[in-house]
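K.L.:
Sequence plus predicted model, see below.
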Amino acid sequence: MEHGTTEPGTAGPESEAVPDRPAPAPGTPAPVTPATGAADEEHRPSPREQERERFRRSRRRRDTWIAALSTLAFLGLLAAAAVASPGWDRVHGLFLDAGEFRAALPEILQGFWLNVRMFLVAEALILLLGLAVALVRVTRAPGLQPLRLAATVYVDVFRGVPTLLLVFLVGFGLPALRLQGTPSQPWVLGVIALVLSYTAYVAEVLRAGLESVHPAQRHAARALGLSGSQTLRHVVLPQAVRNVLPPLLNDFIALQKDTALVAVLGPLEALRVAQIKADYDFNYTPYLGAALLFIAVTVPLTRVADRLQRRAAQRTRAEAAR
């Protein structure tokens with residue numbers, strides 16, 4: 001066979017060349033290939049999916065209306081039962097006197113400002129001391145065994161003592177020691193009692209958060225060159241606080257309410273002012289005014305805590321579904 005010849009039925013190099021496609025005319029859209037067309041086009045739900053979404057919206061609207069109407073009907077029944085009760089006139093005069101409410105509200109507001117200040121001071125101290133106690137309890141250093149034992153005893157004792165009893169013990173027992181530098185203001189003594197009580201609770205919440213962080217997080221941070229303090233600050237603490245933020249907020253909601261317990265020591269906070277007004281006028285409407293002020297603060301915090309709990313539950317379900 002001579003060089004450059006081909007057998008019949010075989011294709012030469014010239015026949016293997018694929019002819020070039022003609023270039024599209026100007027203004028003609030580029031052809032869409034099956035590989036990229038689905039990604040470029042916008043997702044359009046099918047008619048069946050659109051029908052399902054309309055059904056879900058109508059179902060949600062119906063459920064909302066049913067819940068609202070049933071709630072209004074229940075509240076209406078309660079109001080009707082209260083108004084129809086034989087002692088309604090006496091209750092209305094003793095607890096719902098609009099004139100007494102307007103007269104006592106300015107002084108109750110001034111006393112409530114003391115409750116807010118006690119709450120803010122106690123909250124900051126509780127966070128710092130609770131974190132310190134939690135860190136001591138989770139450490140495994142042999143030399144810190146005495147501190148771990150002291151922290152454990154502190155948590156066990158102060159979680160078992162009722163907060164009101166602790167207010168009495170600190171408010172009347174601490175000044176009786178006559179130690180130099182002992183505070184004499186009743187509200188300061190009340191804050192000390194609240195800090196001692198709630199630090200034990202918050203320390204346990206933070207300890208649970210610290211222990212919820214997987215050890216692999218610490219090992220990875222140390223492998224990247226972070227020191228022990230940097231690992232705690234930038235890796236462990238942010239995750240721990242995020243995990244326990246809802247129960248932490250619940251503790252602080254309870255703390256805001258328990259600032260009223262300091263009234264037994266005599267400072268003119270909201271409950272004490274309401275008590276003085278009620279004793280002077282023999283009318284309990286000022287108590288209702290103080291209760292409304294506490295509700296105005298605690299209800300928004302409660303809603304925030306509920307929202308954080310729902311977000312934490314959604315995050316947990318999303319991680320479990322991976």
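P.N.:
Everything's here; your move.
K.L.:
Spell out, range by range, the helices that occur in the stretch 51-200 of the chain.
P.N.:
With DSSP state H, counting those that start in this stretch as the criterion, the stretch 51-200 of the chain has helices at 88-95, 98-138, 145-160, 163-168, 174-176, 186-212.
K.L.:
for those helices, which one sits closest to residue 45?
P.N.:
Residue 45 lies closest, by Cβ to Cβ, to one member of these: helix 186-212, at 39.7 Å. C-beta coordinates here come from the backbone N, C-alpha and C atoms, glycine included.
K.L.:
what sits against the closest residue to residue 121 other than its chain neighbours?
P.N.:
Counting by Cβ to Cβ, 6 or more residues apart in numbering, residue 121 lies nearest to residue 191, which is 5.6 Å off, once chain neighbours are set aside. Residues near residue 191 by Cβ atoms under 8 Å, 6 or more residues apart in numbering: 118, 121, 122, 125, 262.
K.L.:
For the third one, grab the count of nearby residues.
P.N.:
By that I understand residue 122. Residues near residue 122, counting by other Cβ atoms under 10 Å, number 25.
K.L.:
quick one: it from residue 281, how far?
P.N.:
Remark: distance between residue 122 and residue 281 (Cβ to Cβ, to the nearest Å) = 32 Å.
K.L.:
Quick check, residue 104 in contact with residue 289.
P.N.:
Yes: with contacts counted by Cβ atoms under 8 Å, residue 104 reaches residue 289, the gap being 5.8 Å.
K.L.:
okay, and the common contacts of the two?
P.N.:
Joint contacts of residue 104 and residue 289 (Cβ under 8 Å, 6+ apart) are residue 274.
K.L.:
Which one's more surrounded, the two?
P.N.:
Comparing residue 104 with residue 289 by other Cβ under 10 Å, the one with more neighbours is residue 104, at 25 against 22.
K.L.:
how close does that one get to residue 257?
P.N.:
20 Å.
K.L.:
Of all the residues in stretch 150-160, which ones are buried?
P.N.:
Buried residues in stretch 150-160, counting neighbours by 16 or more other Cβ atoms under 10 Å, are found at 151, 154, 155, 158.
K.L.:
okay, the last one: pLDDT?
P.N.:
Same thing as residue 158. Per-residue pLDDT puts residue 158 at 94.
K.L.:
Return the distance of the closest residue to it other than its chain neighbours relative to residue 160.
P.N.:
Excluding its sequence neighbours, the residue lying closest to residue 158 (Cβ to Cβ, 6+ apart) is residue 200, at 4.0 Å. Note on residue 200: its distance to residue 160, by Cβ to Cβ, is 9 Å.
K.L.:
Low-confidence ranges, the stretch 201-322 of the chain, go.
P.N.:
Flagging of the stretch 201-322 of the chain using pLDDT under 70 yields the residue ranges 322.
K.L.:
Farthest-apart pair in the contacts of residue 191, please.
P.N.:
Largest separation among these by Cβ to Cβ: 125 and 262, giving 14.7 Å.
K.L.:
what's the burial count for residue 93?
P.N.:
Look at residue 93: counted by other Cβ under 10 Å, it has 13 neighbours.
K.L.:
And for the closest residue to it other than its chain neighbours, the neighbour number?
P.N.:
Counting by Cβ to Cβ, 6+ apart, residue 93 lies nearest to residue 283, which is 7.8 Å off, once chain neighbours are set aside. By other Cβ under 10 Å, 20 other residues sit near residue 283.
K.L.:
Tell me who's in contact with residue 82.
P.N.:
Contact analysis of residue 82 by Cβ under 8 Å, 6+ apart lists 88, 91.
K.L.:
sorry, that was for residue 49
P.N.:
So residue 49 contacts nothing (Cβ under 8 Å, 6+ apart).
K.L.:
What does the pLDDT read for it?
P.N.:
With respect to pLDDT, residue 49 has a value of 87.
K.L.:
Need the three-state assignment for it.
P.N.:
Under DSSP: H, G, I helix; E, B strand; the rest coil, residue 49 falls in the helix class.
K.L.:
do you know how far it is from residue 60?
P.N.:
Counting by Cβ to Cβ, the separation of residue 49 from residue 60 is 17 Å.
K.L.:
Next: residue 256.
P.N.:
34 Å.
K.L.:
again with residue 158
P.N.:
47 Å.
K.L.:
for residue 268, same thing?
P.N.:
49 Å.
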